[in-house]
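Trainee: The following comprises the amino acid sequence and a computationally predicted model.
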Amino acid sequence: MSVVIVGAGQAGLQVAASLREAGYAGSVTLVGEEADLPYQRPPLSKAYLAGKTDAAGLALRAPGFFSEHRIEHRAGIRATAVDRARREVHVEGASPLPYEHLVLATGARVRPLPVPGADLEGVHALRSLADADRLKAALADAREIAIVGAGFIGLELAAICSARGLSVTVIEAAGRPMARAVSVDTGAFFRDAQAAAGVRFRFGAGVTAVEGEGGRAVALALADGDRLAADLVLVGIGVIPNEEIAGEAGLAVGNGIHVDAFLATQDPVVSAIGDCARFPSRFADGAAIRIESVQNALDQGRCVAARIAGRPAAYDAVPWFWSDQGPHKLQIAGLPAPGDESVVRHAETGFSVFRFRDGRLTGVESVDRAADHMAARRILAQAIALTPDQAADTACDLKAVAMGRG
């Protein structure tokens, strides 16, 4: 028996580790394009750039883990094709890797800014450790920062830069921050918190070009005719799933690699997990979705490993996310839609926004309220009924509701 895993991020590594935990005795090969040991990506835009941790602190496993668990880690190698008929993965500079089960954990890449000048020196994106190192070096000499995109990454970077005393302007095409991910109330809180720290916002604004001098970015040209000076531009406008290797192998793709409830493609010996996978979810009313989160990567890795080891179960984990922005932590459980009703529950410290659709809880956004977040995850996982009136009533014990005692 042999399992080949393409992608050595958190999803791919979790499959390998969980296979051994499940007693899988066959060979396990983990193929990754980066030369580094598998590492955590979320701290790159938080603790790593802030200097609170170093590269060693990002490692997901110690170097000896792979030999101890008989996992062959092929680092710095790119998989180029999948031959499903021969059950082989072609890789650069080496012989094809035979497999009996293949797991595609290919992740996603940064969506480029589609304007002239986006390739100038001084324009940065953040996805990898190498990206973070380049950005950290560039920030040492930067003065005027322009961040394109007011999503999680953009706002986390804004908080890091403003804390360093840099001039920061965030340009966002939508009318508010994190518009696709959070409620008006939560977005307004973080807009105001960032503004109080000195961050400026340009909402409803589009970028038409990055202007340069001597090959370096010096300004952004905006759609309304304004020119925004910037000696460093950070682009955070989303990611593109790395689905090409699957599509070229004849597997169904489109905003991700299409899989079933067990995370298998239409080829039963090929699975896809993590940022690259598009799967059906009851938290999206059965629709197929793609989720970019550590929780999703880890839980899907465990799910596929269990199936390969002979214990199949449909993937049904509650989606949850977090974002650290300055002193505040945002935690989200569930998949609320922008149009869902919002019920705000205030506390002495922080608040939570409960989202409802047709009277049914769809998600909870918690700001500096970790206990609310943990209760929400349990309530959503077990489909426990919670009414808008209960959500608004601070006397209602959410933990008791989550434990079935409410």
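Mentor: Cool, the structure landed.
Trainee: And the nearest residue to residue 136 once chain neighbours are set aside, its phi and psi?
Mentor: Excluding the flanking residues, the one nearest residue 136 by C-beta to C-beta, 6 or more residues apart in numbering is residue 49, at 6.0 Å. Using the backbone N, CA and C atoms, a C-beta is placed for each residue, glycine as well. Phi and psi for residue 49, reported as degrees, to the nearest 10, are phi -70, psi -30.
Trainee: which ones are touching residue 49?
Mentor: Applying C-beta atoms under 8 Å, 6 or more residues apart in numbering to residue 49 gives the contacts 132, 135-136, 139, 157, 160.
Trainee: Pull up the gap between it and residue 323, please.
Mentor: Between residue 49 and residue 323 the distance is 14 Å, computed by C-beta to C-beta, to the nearest Å.
Trainee: again with residue 217
Mentor: Distance from residue 217 to residue 323, counting by C-beta to C-beta: 26 Å.
Trainee: One more: residue 30?
Mentor: Per C-beta to C-beta, residue 30 is found 28 Å from residue 323.
Trainee: again, but for residue 394
Mentor: Separation of residue 394 from residue 323 (C-beta to C-beta): 25 Å.
Trainee: Would you map the strands across the stretch 151-300 of the chain?
Mentor: With DSSP state E, counting those that start in this stretch as the criterion, the stretch 151-300 of the chain has strands at 167-172, 200-203, 207-213, 216-222, 227-229, 232-235, 239-241, 257-258, 270-272, 277-280, 288-289.
Trainee: With mean neighbour count and mean pLDDT as extra columns, can I get these in a markdown table?
Mentor: Below are the strands of the stretch 151-300 of the chain laid out as a markdown table (neighbours: other C-beta atoms under 10 Å; pLDDT from 0 to 100):
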| stretch | mean neighbour count | mean pLDDT |
| --- | --- | --- |
| strand 167-172 | 24 | 98 |
| strand 200-203 | 17 | 98 |
| strand 207-213 | 17 | 98 |
| strand 216-222 | 19 | 98 |
| strand 227-229 | 14 | 97 |
| strand 232-235 | 25 | 98 |
| strand 239-241 | 19 | 98 |
| strand 257-258 | 25 | 98 |
| strand 270-272 | 27 | 98 |
| strand 277-280 | 23 | 98 |
| strand 288-289 | 16 | 97 |
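Trainee: closest one to residue 20 among those?
Mentor: Proximity to residue 20 (C-beta to C-beta) singles out strand 270-272 among those, at 17.1 Å.
Trainee: Counting by contacts, list what that closest one packs against.
Mentor: strand 101-104 (3 or more C-beta pairs under 8 Å, 6 or more residues apart in numbering; DSSP states H and E).
Trainee: Quick check: mean pLDDT of the next helix or strand after the strand it packs on?
Mentor: Per DSSP states H and E, the first helix or strand lying C-terminal to strand 101-104 is strand 108-110. When pLDDT is averaged over strand 108-110, the result is 97.
Trainee: Give me the contacts around strand 108-110.
Mentor: Under the contact criterion C-beta under 8 Å, 6+ apart, strand 108-110 has outside partners 125-127, 235, 239-242, 275-276, 292.
Trainee: Kindly recompute the last result at 7 Å.
Mentor: With contacts defined as C-beta atoms under 7 Å, 6 or more residues apart in numbering, strand 108-110 is touched by 125, 127, 239-242, 275-276, 292.
Trainee: Could you identify the most distant pair in those residues?
Mentor: 125 and 276 (17.9 Å).
Trainee: higher neighbour count, the two?
Mentor: For residue 125 versus residue 276, the count of surrounding residues by other C-beta atoms under 10 Å is larger for residue 276: 29 against 23.
Trainee: pLDDT at that one, what is it?
Mentor: pLDDT, residue 276: 98.
Trainee: For it, give me its contacts.
Mentor: Applying C-beta under 7 Å, 6+ apart, we find residue 276 in contact with 104-108, 241-243, 256-257.
Trainee: Next, find the distance separating it from residue 123.
Mentor: 25 Å.
Trainee: Okay, now the unreliable bits of this protein?
Mentor: Within the chain, the ranges that satisfy pLDDT under 70 run 406.
Trainee: tell me the domain ranges of it?
Mentor: Here the domain parsing of the chain from automatic domain parsing is 2-109+239-308, 123-235, 327-402.
Trainee: Now tabulate the contacts of strand 108-110 in a markdown table and tack on distance to residue 405.
Mentor: Formatted as a markdown table, these follow (distance: C-beta to C-beta, whole Å):
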| residue | distance to residue 405 |
| --- | --- |
| 125 | 47 |
| 127 | 44 |
| 239 | 41 |
| 240 | 45 |
| 241 | 41 |
| 242 | 45 |
| 275 | 37 |
| 276 | 40 |
| 292 | 35 |
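Trainee: which among those gets closest to residue 386?
Mentor: Comparing the contacts of strand 108-110 against residue 386 with C-beta to C-beta places residue 292 closest, at 26.7 Å.
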